[in-house]
Structures are given as C-alpha cells and as structure tokens.
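Colleague: okay, predicted coordinates and the sequence, questions at the end:
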Amino acid sequence: MKIAILPGDGIGPEIVAQAVKVLNVLGESFELETAPVGGAGYAAHGHPLPEGTLALAKAADAVLFGAVGDYQYDNLERQFRPEQAILGLRKNLGLFANLRPAILYPELAGASTLKPEVVSGLDILIIRELTGDIYFGQPRGVRECPDGPFKGQREGFDTMRYAEGEIRRIAHVAFQAAQKRDKRLTSVDKANVLETFQFWKDIVIDVHKEYPDVALDHMYVDNAAMQLVRAPKKFDVMVTGNMFGDILSDAAAMLTGSIGMLPSASLDANNKGLYEPSHGSAPDIAGKGIANPLATILSAAMMLRYSLNREEQANRIEAAVKHVLAQGLRTADIHEAGTTLVGTEAMGDAVVKALG
Ligand SMILES: NC(=O)c1ccc[n+]([C@@H]2O[C@H](COP(=O)([O-])OP(=O)(O)OC[C@H]3O[C@@H](n4cnc5c(N)ncnc54)[C@H](O)[C@@H]3O)[C@@H](O)[C@H]2O)c1
Ligand SMILES: CC(C)[C@H](C(=O)O)[C@@H](O)C(=O)O
Ligand SMILES: [Mg+2]
C-alpha cells in the first residue's frame, strides 16, 4: 500500500509529521512517499501542484495532505497560488465527496465556545460536494460590466452550476451515509433565491425515492448556519454544495472545541481518497510548534478506514486520541484550566505512546 504524503505549507509539515509518526508505529508495511505541494511546490518547481506530485497522488492508494497557503503567495497570478494545489488534486482525482465529521469528545465540552449542554454528545457528519458549484463553474473572471447602473465599470464574476449527475452522486453518498447512522439527512440549499439550488433540491427529493428508510428534510443555508450554533445536535447528516459546505464545516468545527479537531476525507466513486484536516495552513502560528495535530491524525484514521480497509487500525488511532484527551493533554487551541498544555510534537508523541 502506497501513501502519498503532501505536507504543504505553514503548519502543514508540523502536523503531518505527527500523523506520519502514528502511521509508522501501527505495525503495517505502508510505503510513504513525500512530495511538495502548495507554496512549497511553487518554491521547488514553480507550480503549486508540480507534475511529479500529481503523478504520485494518482499512483498512490491514498493521499495524506497537510494544508496549503501563505500570505507571501497571495499576490501571485491565481493559477500559481497555493490553494490551486488542493483544488487541482480534488478535480484531477475526482474527489467529489467530502466527509467532515464533527464529533465532540466529552473531555472537550468546556473547550467549545458554546455551552456544554448545547454541544455535549455532538456527532454530526457534514457531506460537502467538492468538485462542482461556484468553485469550478465557468465562465469566471473580471470583465467590463455589460449593463445596469455600473455599465462600463469592471466587474468580477463567477458561475454557480451543478449538473444533474453531480447532484445525484453526492445525494447517493449522503443517503447511504445516513443509512449507516441515525437515518436522518438534511439537505442544505438556497432554493428560495438560486436556480442552481432549487434544481439541487428537486434532484435530492428524487434520489430520496430510493432511500425510503432515511428521513429527509431541507433547510436554507442561512438558517442552517444559525441552527448549527443554536441546536447542533438536532442534525445527523447534512449534505450541501461546495461553497456552503466550506462555510458550514468551519462553523461546525468550533462545536468540537477547535478547528484543530476536525478531520476530513475526500473520496472518489471507488473510495480512493485524500485525507486532510479541515483547517488551513494557519500562518499565524506556523513554526511555533503549537498547532493541534489531532485533526490530521484523525484524518489518517479516516484514511485507514475508507481507503486502506484497516478499520481496526482506524479504531486504534481514535481510541488513542480519546486516551490522550482523557489524560488531560491539550494544545493551546483547546487548552483550559486544569489541563496540561503541550505542543504539537508532544501531542503526537502522546498519541504514539497511547497506541501501546
Ligand atoms: N485545505 C487547505 O489546505 C486549506 C484550508 C483552509 C485554508 N487554507 C489556507 O490557509 C491559509 C490561512 O487561512 P485562514 O487563516 O483563513 O484559515 P486557517 O484554518 O489556516 O486558520 C484559521 C484560524 O484557526 C487556527 N488554526 C487552524 N488550524 C489550527 C490547528 N491545527 N491548531 C491550532 N489552531 C489552528 C489558526 O491559527 C487561525 O487562527 C490561507 O492561505 C488559506 O487559503 C488552506
Ligand atoms: C483552501 C481552500 C481552497 C479550501 C476550500 O475552500 O475548499 C479550504 O477552505 C477547505 O475547506 O478545504
Ligand atoms: Mg474551508
């Protein structure tokens, strides 16, 4: 089994190093190969997604990804910006299904910014469509405004679009995920305003006919954002488009105590996948050794479960994470009075130790 390791930028290399330590003590003979991506790819090869990196990702059985992005690259032409690397990987590998499980470990109930009674026992799954929507729709760009009061001025524009087949396949993933859980699915849209999302809703309703055992409801995205902080435990599985899913999953991250706790799996139709924490490269804390590596370590667990067929190893890692939290070890983002503050490496070492 070959795993492509793409650490990326900012805290990426620090947190991925911890997940690699964990993978290395499982007693499996995985072949790990590392390649630069994002700003690191641009610095090494003049492109955020160098050819060799893409080839490695395609050839591997799974990809473990850190994060990309750094302010120093923000003024580059868009095609050279670090973020194009993750977008290019998702598109090139056909990773249309993004699973972002927001689980509150009981020990972190006090770390959330929400009241413990609102979040304790939280276990929701956000399924974000990942290769369509306004993220990839054409045309896009800056042009001369063709009409209206601003006619003749420059205007920026993007295109929101979803093909029927794109909606159907993510709806199937979502219904099937719900079948394995509490059998409740909330489809999040903006059907009251956007044609794309009325179409989305109509297709989801049609796919529902094949899953009569799942209770489906629909929610507008603005209300969903509100309900996520008001009564998040009411949700089981949520499915939504690329942009709404990006925003809602960051909001859901805070329910778990910190964005440093939210892993993700990005899957193709055959469960080949890329695994990354839901957060970014956190340039504000990069190089300080204080980033929380648990979202990345938990992403490695998802990789073992979904792509490498090692459910037991995934369970071992998740149990080890629970153990270190129960021991009271906390990185700065989840630290509270009465717990022990540790850095990135010490947290990684503690998970390794807990694996026994
Ligand atoms: N998939 C990705 O690679 C990805 C995802 C999101 C953002 N980004 C990029 O990351 C850069 C920074 O973006 P941003 O600041 O909006 O989002 P971010 O997620 O990097 O950081 C947001 C806040 O959360 C904190 N944070 C994030 N991860 C943490 C962790 N593991 N432990 C402790 N604290 C953590 C950061 O310090 C920061 O205060 C940008 O270039 C952005 O494009 C990349
Ligand atoms: C870095 C960026 C392209 C990415 C996204 O918007 O999908 C990130 O925010 C994420 O959530 O993975
Ligand atoms: Mg995001």
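Modeller: The structure has been received and is ready for your questions. Ligands and ions are numbered 1, 2, ... in the order given.
Colleague: the one residue in the stretch 201-350 of the chain that gets nearest to ligand 2: which element?
Modeller: Using CB to the nearest ligand atom, the closest approach of the stretch 201-350 of the chain to ligand 2 is made by Asp246 at 4.5 Å. The C-beta positions use only the backbone N, C-alpha and C, and glycine is treated the same way. In this assignment (DSSP states H and E), Asp246 forms part of helix 242-255.
Colleague: and the residue nearest to Ala215 when sequence neighbours are not counted, how many neighbours?
Modeller: The shortest distance from Ala215 to any non-neighbouring residue, by CB to CB, 6 or more residues apart in numbering, is to Arg184 (4.9 Å). Per other CB atoms under 10 Å, the neighbour tally for Arg184 reads 15.
Colleague: quick check: phi and psi at Arg184.
Modeller: Main-chain torsions, Arg184, degrees, to the nearest 10: phi -130, psi 130.
Colleague: that one reaches Val239, doesn't it?
Modeller: No - Arg184 is beyond contact range of Val239, at 11.4 Å (criterion: CB atoms under 8 Å).
Colleague: residue contacts, the residue nearest to Ala215?
Modeller: Residues near Arg184 by CB atoms under 8 Å, 6 or more residues apart in numbering: 178, 214-215, 217, 235-237.
Colleague: now which of those would you call buried?
Modeller: Buried residues within those, counting neighbours by 16 or more other CB atoms under 10 Å: 178, 214, 235-237.
Colleague: go through those and flag which are in strands.
Modeller: Among those, the subset assigned to strands under DSSP state E consists of Val237.
Colleague: with pLDDT and distance to Ser266 added, can I get the buried ones among the contacts of Arg184 in CSV?
Modeller: Listed next are the buried ones among the contacts of Arg184 as CSV, based on pLDDT from 0 to 100; distance: CB to CB, whole Å:
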residue, pLDDT, distance to Ser266
Ala178, 98, 19
Val214, 98, 23
Phe235, 98, 21
Asp236, 98, 21
Val237, 98, 17
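Colleague: do you have the helices of the stretch 51-200 of the chain handy? List them.
Modeller: With helices called from DSSP state H, counting those that start in this stretch, the stretch 51-200 of the chain shows them at 51-59, 83-92, 116-119, 164-179, 195-208.
Colleague: nearest approach to ligand 1 belongs to which of those helices?
Modeller: When the helices of the stretch 51-200 of the chain are compared (using CB to the nearest ligand atom), the closest one is helix 83-92, at 4.7 Å.
Colleague: quick one, that closest one and helix 51-59 angle?
Modeller: Note on geometry: by axes from the mean of the first three to the mean of the last three CA atoms, to 10 degrees, helix 83-92 and helix 51-59 are set 40 degrees apart in direction.
Colleague: do helix 83-92 and ligand 2 come into contact?
Modeller: Yes - Helix 83-92 is in contact with ligand 2 by CB under 6 Å from any ligand atom, via 83, 86-87.
Colleague: helices or strands next to that helix in the packing?
Modeller: Identification of packing neighbours for helix 83-92 by 3 or more CB pairs under 8 Å, 6 or more residues apart in numbering; DSSP states H and E yields helix 51-59, strand 62-67.
Colleague: ok, back up a step: go through the helix holding Asp246 and flag the buried ones.
Modeller: In helix 242-255, counting by 16+ other CB under 10 Å, buried: 242-246, 248-249, 251-255.
Colleague: between the residues you listed, which sits nearest Asp158?
Modeller: Taking CB to CB as the measure, Asp158 lies nearest Met243 of the buried residues of helix 242-255, at 9.6 Å.
Colleague: make TSV from the contacts of Arg184 and add distance to Asp189 to it.
Modeller: Listed next are those as TSV, based on distance: CB to CB, whole Å:
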residue	distance to Asp189
Ala178	17
Val214	17
Ala215	17
Asp217	11
Phe235	15
Asp236	17
Val237	15
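Colleague: tell me which two of those residues sit farthest apart.
Modeller: Spanning the widest gap among those are Val214 and Phe235, at 13.6 Å by CB to CB.
Colleague: report the contact partners of the closest residue to ligand 2 within the stretch 51-200 of the chain.
Modeller: When scored by CB to the nearest ligand atom, the stretch 51-200 of the chain has Glu83 as its residue closest to ligand 2, at 4.1 Å. With contact set as CB under 8 Å, 6+ apart, Glu83 has these partners: 38, 48, 68-69.
Colleague: now do Gly38
Modeller: 8-9, 12, 48, 67-70, 82-83, 85-86, 281.
Colleague: adding pLDDT, write these out as TSV.
Modeller: Formatted as TSV, the contacts of Gly38 follow (pLDDT from 0 to 100):
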residue	pLDDT
Gly8	98
Asp9	98
Gly12	98
Pro48	98
Ala67	98
Val68	98
Gly69	97
Asp70	94
Pro82	97
Glu83	97
Ala85	97
Ile86	97
Ser281	98
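Colleague: just the buried ones among the residues you listed, please.
Modeller: 8-9, 12, 48, 67-70, 82-83, 85-86, 281.
Colleague: make CSV from these and add distance to Ala109 to it.
Modeller: As requested, the buried ones among the contacts of Gly38 are arranged in CSV below (distance: CB to CB, whole Å):
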residue, distance to Ala109
Gly8, 31
Asp9, 32
Gly12, 29
Pro48, 39
Ala67, 27
Val68, 32
Gly69, 31
Asp70, 34
Pro82, 35
Glu83, 33
Ala85, 36
Ile86, 32
Ser281, 28
